[in-house]
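1. The following block contains a protein sequence and its predicted model.
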Amino acid sequence: MPEGLKQALAPVEHLWTRLSRTSTARWLAKAVDAELARLRGLVGERTGAAEHRLAERLERRLNRQGAQPIHDLAGWLIKRGLPQNRECWSHLCDDGIRVDDGSYCESCECLIADRRRLRTAVATRVSAGRHRIPHLEWRTAYERELRTIVHRETAASLTRRKSMAEKQAAFLTAVDRRKEAWAKARAAAAAQPCADCGASDASGLCPVCTLRRESAVLVDKAVDIAVALRAEVGDPQALAALTEQVRRDTWTIVRRTGLGGRGAAVSRAFAQRELAKRLLAGRRQLALERLQKSEPANAEAAQVTRLAQRVKGVTEAGRERTLIAVERARERVAEELLAEFLDELYRGRSSAVPNKRTADSTWA
C-alpha cells in the first residue's frame, strides 16, 4: 500500500494485500488520490482531514457489506467504496453524513421528515370513513394511496427536471449563438479599414492614427490653456486667429520628433503623443504658477494669514501650518481661476460679439 494512502485506506488494508498485480495497485492508488483531491475541495486543506473522511466512508461501506465477502477489491472500490453517495440535494451529503464536519446531513433529515409527514397524511386519509376495517384491507388501501401519490410526485419531478434540462439546453444554445455572433462582429470590426488613413484590417482605426488623435486632443488642451490666459474672448475673429496661431506653433513643437528605422510611423506618433503630454503638463503648471501670484490669489492668501494671526500665542509649528494653509489657498484659487478662464474661452468661441483685437505672435 502506498505510504501516503495508509490512513485513507486503513479499513481495507487487509484486502489491499490480495491485489495480484502491481499495475492494478498503481491504478487504484491514482483513483484514491483523485478522490482525496476532490474531498480536499470540500473539507479544506487541513492535514489528514480528507483522508479521515474517506476512511470513514470506506468503514461505512464495509459495514453495509455485512457478511458478504469482497472478492474484487478494485471493482468494489471503484463502484461502491470511493464514490460519494448523496442521498439528498446537498453536495456535502455522503450516506446521510456531512463530508465537511461528519455530522448528520440536515437536508436528509428534512427529506425524512417530509416522507414521514406524507405517510402520516396518507394514513389519516385512508382511515377516514374506514372505521373498524380489517388491518390487511387498511394496509392494502394505505399502500395503494401512498404508491399513487409517490408516482404522481415522481412524474411531476421528472417533468420539472426535463423542463429545466430543456431550458438549460436552450440557454447554452443561446450562449453559443451569442458567442458566434460576437466572434463574427469582432472579426468584421477587425477587418474595417482605418477611418483616417484607410489602412486595411485596422479595426476602424490603426495604431498610428489612434496616437495621432490622442496627440490632437492633448494639443488642443495645451492650446486652450495658452489662449485662455491671454486672449480677449469678446472678439470671435481675433480669438479664432489667435487660437489658430497658437495651435500651429504648438504642432510645430510636437512634430519636431524625427524618429526613423523600422516601425518609424508608430514610434514617431508615440513620441509625439508623449511630447504633447509633457507640453500640456508644462503649460498647465506654468499657468497655475502665474495664477497663484494673481490678485485674487494674493487676496485669499492675505485673508488666510489674517485669520491665522488672530490666534494668540502662535508657535513655530503654528506658523508652519499657516504657511501650508496659505500655499493651499493660492493653489485652490489658481485652479478655480484657470477653470473660469477656460469656461470663458469656450463661451467666447461660440459667441458672435464683434470686438477688434490683434493677436500676439509668440505663444509656443
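-> Structure received.
2. Make sure residue 283 is actually in contact with residue 226.
-> Yes - the pair residue 283 / residue 226 is scored as a contact, 6.0 Å apart, by C-beta atoms under 8 Å. No exception for glycine: its C-beta is placed from N, CA and C like everyone else's.
3. Among those two, which residue is more densely surrounded?
-> Neighbour count, other C-beta atoms under 10 Å: between residue 283 and residue 226, residue 226 has more, with 22 against 19.
4. Now do that one against residue 164, distance only.
-> 66 Å (C-beta to C-beta, to the nearest Å).
5. again with residue 122
-> For residue 122, the distance to residue 164 - C-beta to C-beta - is 28 Å.
6. out of these two, which sits in the more crowded spot?
-> The neighbour count for residue 122 versus residue 164, taken as other C-beta under 10 Å, is higher for residue 122 (20 against 10).
7. Work out for me the element the more buried one sits within.
-> Using DSSP states H and E, residue 122 sits in helix 106-127.
8. now that helix: mean pLDDT?
-> Here helix 106-127 scores 85 as its mean pLDDT.
9. Next SSE downstream of that helix?
-> Helix 106-127 is succeeded, C-terminally, by helix 135-190 (DSSP H and E).
10. now for that following helix, which elements pack on it?
-> helix 106-127 (3 or more C-beta pairs under 8 Å, 6 or more residues apart in numbering; DSSP states H and E).
11. List the buried residues for the helix or strand hosting residue 217?
-> Here residue 217 is covered by helix 207-228, with elements defined by DSSP H and E. Burial within helix 207-228, assessed by neighbour count using 16 or more other C-beta atoms under 10 Å, is assigned to 207-212, 214-216, 218-219, 221-228.
12. Pull whichever helix or strand comes after that helix out as PDB, backbone CA atoms only.
-> The first helix or strand that comes after helix 207-228 along the chain, using DSSP H and E, is helix 236-254. Once non-C-alpha atoms are left out, helix 236-254 reads as follows in PDB (Å, rounded to 0.1, in the frame of the first residue of the first chain):
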ATOM      1  CA  PRO A 236     -14.500  85.800 -32.000                       C
ATOM      2  CA  GLN A 237     -12.400  86.600 -35.200                       C
ATOM      3  CA  ALA A 238      -9.400  87.600 -33.200                       C
ATOM      4  CA  LEU A 239      -9.900  84.700 -30.800                       C
ATOM      5  CA  ALA A 240     -10.000  82.300 -33.800                       C
ATOM      6  CA  ALA A 241      -6.900  83.800 -35.300                       C
ATOM      7  CA  LEU A 242      -5.000  83.600 -32.000                       C
ATOM      8  CA  THR A 243      -6.100  80.000 -31.500                       C
ATOM      9  CA  GLU A 244      -5.000  79.000 -35.000                       C
ATOM     10  CA  GLN A 245      -1.600  80.700 -34.500                       C
ATOM     11  CA  VAL A 246      -1.000  79.000 -31.100                       C
ATOM     12  CA  ARG A 247      -2.200  75.700 -32.500                       C
ATOM     13  CA  ARG A 248       0.200  76.000 -35.400                       C
ATOM     14  CA  ASP A 249       3.100  76.900 -33.200                       C
ATOM     15  CA  THR A 250       2.300  74.100 -30.800                       C
ATOM     16  CA  TRP A 251       2.100  71.500 -33.500                       C
ATOM     17  CA  THR A 252       5.500  72.700 -34.800                       C
ATOM     18  CA  ILE A 253       7.000  71.800 -31.400                       C
ATOM     19  CA  VAL A 254       5.200  68.400 -31.200                       C
END
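13. angle of helix 236-254 against helix 207-228?
-> Between the axes of helix 236-254 and helix 207-228, defined by axes from the mean of the first three to the mean of the last three C-alpha atoms, to 10 degrees, the angle is 130 degrees.
14. Helix 236-254: which residues count as buried?
-> So, applying 16+ other C-beta under 10 Å, buried residues of helix 236-254: 236, 238, 239, 242, 243, 245, 246, 247, 250, 251, 254.
15. Same check on stretch 117-128?
-> 122, 126.
16. Give me the contacts around that stretch.
-> Here stretch 117-128 makes contact (C-beta atoms under 8 Å, 6 or more residues apart in numbering) with 138, 141, 142, 145, 146, 149.
17. how about low-confidence regions in the stretch 201-350 of the chain?
-> 258-263, 311-314 (pLDDT under 70).
18. Save the contacts of stretch 117-128 as CSV, and put in distance to residue 307 and neighbour count too.
-> Shown next, in CSV, are these (distance: C-beta to C-beta, whole Å; neighbours: other C-beta atoms under 10 Å):
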residue, distance to residue 307, neighbour count
138, 97, 15
141, 96, 16
142, 93, 18
145, 91, 15
146, 88, 18
149, 85, 15
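19. of all those, which two lie farthest apart?
-> 138 and 149 (16.5 Å; C-beta to C-beta).
20. any weak-confidence spans in the stretch 51-200 of the chain?
-> 129.
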